[in-house]
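Student: just coords:
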């Protein structure tokens, strides 16, 4: 039997609160606790007792205080105000105070108004997902007001062009009011008409990725790497340079001062696509390690929901989650408090399914309104001690299409980005080879294969070189070692601090690859014709190695000039 009237709090144990049960209470429903109406989520129901986990600090709550069940799961308000903002896991605005981030209220409770231009007329038939009108955020990304899922019918009213508050009714479709605010449950994926194959490359501007381990729009990527391997810098570079319309950056469980630094750096970055601020097309969701565990756990789902909101407008969105390891630790903490039976390293038995549910929200889709959009998910993984066999890393690799493993030895050798060519992989190569061929680069797959083979051969010979020395190897194998060095230093290394090298267009990447392969091929011809391997190794390859930092991001012709200069120098070695 449910309690009569509002339920009462029976016990408070930190963020864990027990209540009288009220009829209709269901798992995952939101409950507001006490006079402060602190949000919490139902996590267990046993008889007449309901257990909730609070999303905020529960100081001041006591047995006997009332609770207010909301009868619905955690939902967040979605709208044009999201772009350029910083929010917590419940999508409440955050304000910085030194190295602390504090909640600043509701994103829709202020007096701001937003421009609205209608795209439908009264009496018109409008189906779910159709554009009712256009509104504007603070930046260059157009934001559409859509007919909500499950609603189709005649437009009986539409607001004229003008400025409106977030809660204003902009149209009425089949007796359903359409507002600028579009709430949605964070743990439920937004519906689509169909999922499409991910066949178009997501260009990141990072050569090691775009060449060796490419990712498609709508795919999922894991970036495992220990402390100091450059995860944050790589993710910031991808956020700045990838060809997506909107970036959703989720900082989950990081230290407060580190997250404040990341937010400050993102706010200061220029947007190479628009010339404005990168923050104007970025949504930042931050839940630091000192914030409540439940809000940290919700932040990942909130980020995916925000991404799907913009995807439904026909946009390409990238979700960067840093890091999913901290999110998994929140799941472990929650399971421990609930007395769940732990599995490997204390993680709950449902860890794999939770990770799968998150990464499955990536995808290229045809939306309800017939547009094509995508959500690409890039999740950083921070394995303790760099142990790539620990549960979060191992399970994540099962559910993603690409893995960009960051190698500690490469990072310590100042090779950035420290993406390991031996421990990383991409399952998208075949599909993206077709896309490159259709876009005028049919040699991409062959060039990639030759580079990968050269790196593999150089790695195989590295142990022999350490054991017997380079001079003990046959001439052709010495050329393979030289070729591996040219690929590493001339192509794969990339400086995030260089104005000319921070971003690399596909044309320049192709030119650098072709240049290195041409030079290596010439070196093989020389030793085959009798030129001493020592003479080839002592040739001046400096113009080729410096090309990546001395020519513009899309200057393929400049790379060709330096290639020809090196080839001319090698021509002088002919016996």
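Tutor: Okay, I see it. No experiment lies behind these values; they were computed from the predicted model shown. Residues are numbered from 1 along each chain as shown.
Student: where does the stretch 201-350 of the chain dip in pLDDT?
Tutor: Applying pLDDT under 70 to the stretch 201-350 of the chain flags the ranges 256.
Student: next, the contact list for the residue positioned nearest the centre of the chain, please.
Tutor: Residue closest to the average C-alpha location in the chain (C-alpha atoms, centre = their mean): residue 320, at 2.1 Å. The neighbourhood of residue 320, defined by C-beta atoms under 8 Å, 6 or more residues apart in numbering, consists of 235, 238, 239, 247, 248, 249, 250, 378, 380. (C-beta placed from N, C-alpha, C; glycine too.)
Student: quick one: which of those residues is most hemmed in?
Tutor: The most crowded member of the contacts of residue 320, judged by other C-beta atoms under 10 Å, is residue 250 (29 neighbours).
Student: measure the residue nearest to the centre of the chain to residue 482 for me?
Tutor: 37 Å (C-beta to C-beta, to the nearest Å).
Student: the contacts of residue 320 in helices, which ones?
Tutor: Among the contacts of residue 320, DSSP state H puts 235, 238, 239 in helices.
Student: for those, which one is nearest residue 493?
Tutor: Nearest to residue 493 among these is residue 238, at 16.8 Å by C-beta to C-beta.
Student: neighbours around residue 226, how many?
Tutor: By the criterion of other C-beta under 10 Å, residue 226 has 18 neighbours.
Student: give me the nearest residue to it, chain neighbours excluded.
Tutor: Closest residue to residue 226 apart from its sequence neighbours, by C-beta to C-beta, 6 or more residues apart in numbering: residue 386 at 3.1 Å.
Student: and for residue 41?
Tutor: Excluding the flanking residues, the one nearest residue 41 by C-beta to C-beta, 6+ apart is residue 53, at 5.6 Å.
Student: roughly how far apart are the residue lying closest to residue 187 once chain neighbours are set aside and residue 198?
Tutor: Once flanking residues are discounted, residue 187 sits nearest to residue 301: 5.1 Å by C-beta to C-beta, 6+ apart. Using C-beta to C-beta, residue 301 is found at 22 Å from residue 198.
Student: what's the closest of the contacts of residue 320 to residue 550?
Tutor: Closest to residue 550 out of these is residue 238 (23.8 Å), distances taken as C-beta to C-beta.
Student: surely that closest one meets residue 204?
Tutor: Yes. If you go by C-beta atoms under 8 Å, residue 238 and residue 204 touch, sitting 5.0 Å apart.
Student: now do the contacts for residue 420.
Tutor: 405, 406, 407, 410.
Student: and for the third one, the neighbour number?
Tutor: This points to residue 407. Under the neighbour criterion other C-beta under 10 Å, residue 407 is assigned a count of 22.
Student: that one touches residue 417, doesn't it?
Tutor: No. Residue 407 is not in contact with residue 417 according to C-beta under 8 Å; the separation is 9.9 Å.
Student: rewinding a little: any chance of TSV for the contacts of residue 420, columns secondary structure, pLDDT and distance to residue 87?
Tutor: Formatted as TSV, the contacts of residue 420 follow (DSSP: H, G, I helix; E, B strand; the rest coil; pLDDT from 0 to 100; distance: C-beta to C-beta, whole Å):
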residue	secondary structure	pLDDT	distance to residue 87
405	coil	96	31
406	strand	96	28
407	coil	94	34
410	helix	94	35
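Student: the residue nearest to residue 226 - how many residues pack around it?
Tutor: Neighbour tally, residue 386, other C-beta under 10 Å: 17.
Student: show me the contacts for it.
Tutor: 225, 226, 227, 229, 408.
Student: now the helices for the stretch 401-550 of the chain?
Tutor: Secondary structure of the stretch 401-550 of the chain (DSSP state H, counting those that start in this stretch): helices located at 408-412, 429-438, 444-468, 475-487, 506-528, 533-537, 542-550.
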